[in-house]
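Novice: dropping the sequence and predicted coords here.
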Amino acid sequence: MVVAVAKERADFETGWVKPPYQIKGLDHLGVQAPGIEIYGQLLPGITNVTDRARYYSFYAWLFWQFEQKGWRAYREWQPMLRKAECLFALIALHHGQANVDDQSAYSGAMVGSAVLSNALQNLDTDGYLSLSVFSQADEGKTRYFKNPTGGLGQYYFGSLWQLGIMTGDSVSEAKLVEPVGTELAKAMDAGVDGDAFMALLEADRFTTADLDALHTFCPWVLKKSEAERHLLLSILMRGHVSPPENGQDEMTGARSASLAYIYWLAGQTRASKQTFENEKFRFLVYTQANEQGEQLAIPPGFQRVTGRWQAYQRHELFSVALQGLFFSLLRSADLLGATRTFPTTRALCAWFWTEGPGGAVIDANSDQPFGDWVIDQGETLPDLKNWRAADHEMDAAASVCKLSAMKSPNESMLSEIVVGALRILTALIVREENSVGYGSVEFRPNYLDNYPVNIDRWQRDFSAKLKAMSVREALILLSQEYCLNGHIRVGLRKLRQQGQNTFRFEVTERGLWVKEIPEAVETSPRLAQSIRILMDLGVLEEIDGSLSPVADPLMEPLQ
């Protein structure tokens, strides 16, 4: 028998081929990204997972302690960091148990709280627990956190770096920035028993009596630690303990203005007896009017930050409208099942705006010029300031999100989503206030080229080509290019760059196949985190269920 032996070739390599990793994904149209970019510019140093102000001080204090102990190498301080995070959270959780009426103020949003709170419930007054039971890095039911560097690595290091408190190319190389980091550490140290805390880390055991004795570490106590509170507030609002002669940098200025604006808006809602949360914040920043439809008397120093937050909410409306159309297109195809197949994305869009839920909405006007139809629709919009009106675009956005979140929306509900989405898109064209698009927001060069589904493009496309088309043809093109083809572009990019399959539908040889239908959702603009941080710092307080500002010179730099 002759055996053929292949000669090795230097220019030929064989790689193992496997299917791409299937995940659900988040931003299916690439339409949320510009909004996230805007609020990221406006609140640098605060993220959707940095909830407690005292973590900024705590990590500075902890690394200052590590330096004094001589624990400079990663292998020396990393296990102590994990123990310290456990002890810090346990103190807050124990303190919260004794204050059940306002437990969240003491123990809310502490790193590892889900695991650690269960441990506290099983600890009696005479017993003790080992910190390493929770801080160990091996997988198990008692491990408080998966990330090797805990909440510092997962949540806070990037923010500490942006605030100029810590530096390092990675968290494993973290160190304090001088003098800001050390001064903040010393300010916290003045109000806590640091020696007792560090002794517990080294002893690797604690009792409830130890947690009682260390109650001044609780994040809620920050507002009573005046020097620490003042320094941390100065860093957030000025960027430095002592501001430089040439003023604030752009990031500090944006964060300072945004926090001051949130603080001011809280005062306005308090005066008019309104609640203040994400939904109300969106109404206020978009319309710049209160619940009674009265124009807010915005201080002159807030004009730029007001415009940027208004641009954020303007983009949110655009994002929700397109997500609503995307949802309706896929849900309509899914309801048809095998009774109707679509060989292309255009075929689905053409059916949707002719025979489907979209067609039911535009039927009487389908051949009218789109530009004329948009103008006619715009005349039915209420005044921008009247945001409680049922036909307002803000109400339409809330309806789109609510209806798409229902378990089994029928064709009638899909038509309602279409009505809401078109009302939003109309408002972005006809309202003079919206003609500025992103206004004073400055994106990085070519940023919007990477996210081509955006307000600027919508306004350009409308003027350049869509307004001259019939209503039906314009909406077919819009839904195909912005929604279905837009999703394909996003899916291909994630597949190429990350090896992840995020497609919610696929066009196969048997036609378009719907895999999963994502609902329309809004982004979270870090308002809850900003409010919690300002409450921890004692410049906002809750009175009778409403937020009330507490006078502080650092919170009024622009008024």
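Specialist: Looks like it arrived, so ask away. Note that the structure is a prediction, hence the values are computed from the model and not measured.
Novice: surely R489 and D27 touch.
Specialist: No - using Cβ atoms under 8 Å, R489 is not in contact with D27; the gap is 12.0 Å. Heads up, the C-betas are built off the backbone N, CA and C, glycines and all.
Novice: the more surrounded of the two?
Specialist: Counted by other Cβ atoms under 10 Å, R489 and D27 do not tie: D27 has more neighbours, with 19 against 14.
Novice: torsion angles phi and psi at the more buried one?
Specialist: Dihedral pair for D27: phi -90, psi 80, per degrees, to the nearest 10.
Novice: what do you get for K83?
Specialist: Torsion angles, degrees, to the nearest 10, at K83: phi -60, psi -40.
Novice: repeat that for I543.
Specialist: Per degrees, to the nearest 10, the backbone of I543 is at phi -130, psi 120.
Novice: who does it bridge with?
Specialist: Applying DSSP bridges to I543 yields these beta-bridge partners: S546.
Novice: from A53, how far out is it?
Specialist: For I543, the distance to A53 equals 20 Å [Cβ to Cβ, to the nearest Å].
Novice: looking at those two, which one has more neighbours?
Specialist: A53 (25 against 8).
Novice: just checking, the more buried one touches P219?
Specialist: Yes - using Cβ under 8 Å, A53 is in contact with P219, at 7.1 Å.
Novice: and stretch 428-436, what's buried?
Specialist: 428-430, 434 (16 or more other Cβ atoms under 10 Å).
Novice: pLDDT score assigned to Q497?
Specialist: Residue-level confidence at Q497 comes out at 88, pLDDT.
Novice: tell me the confidence at the nearest residue to E173 once chain neighbours are set aside?
Specialist: Nearest non-adjacent residue to E173, counting by Cβ to Cβ, 6 or more residues apart in numbering: Y74, 7.6 Å away. On the pLDDT scale, Y74 is placed at 97.
Novice: do I23 as well
Specialist: According to the model, I23 scores 69 on pLDDT.
Novice: what about the closest residue to L478 other than its chain neighbours, neighbour count?
Specialist: What sits nearest to L478 in space, not counting adjacent residues and going by Cβ to Cβ, 6+ apart, is L466, at 6.9 Å. By the criterion of other Cβ under 10 Å, L466 has 21 neighbours.
Novice: now for L466: which residues touch it?
Specialist: 370-371, 474, 477-478 (Cβ atoms under 8 Å, 6 or more residues apart in numbering).
Novice: pull out the buried residues from those.
Specialist: Here, 16+ other Cβ under 10 Å leaves 370-371, 474, 477-478 buried among the contacts of L466.
Novice: how far does the helix with the most length in the chain sit from the chain's center?
Specialist: In the chain, assigned by DSSP state H, the helix with the most residues is helix 303-336. Chain-centre distance of helix 303-336: 15 Å, with Cα atoms, centre = their mean, to the nearest Å.
Novice: buried residues, that helix. List them.
Specialist: 305-333, 335.
Novice: what's in contact with the helix or strand harbouring A397?
Specialist: Assessed by DSSP states H and E, A397 sits inside helix 393-404. Here helix 393-404 makes contact (Cβ under 8 Å, 6+ apart) with 279, 282-283, 286-287, 316-317, 320-321, 323-324, 327, 381, 387-389, 409, 413, 416-417, 419-421, 423-424, 426-427, 519-522.
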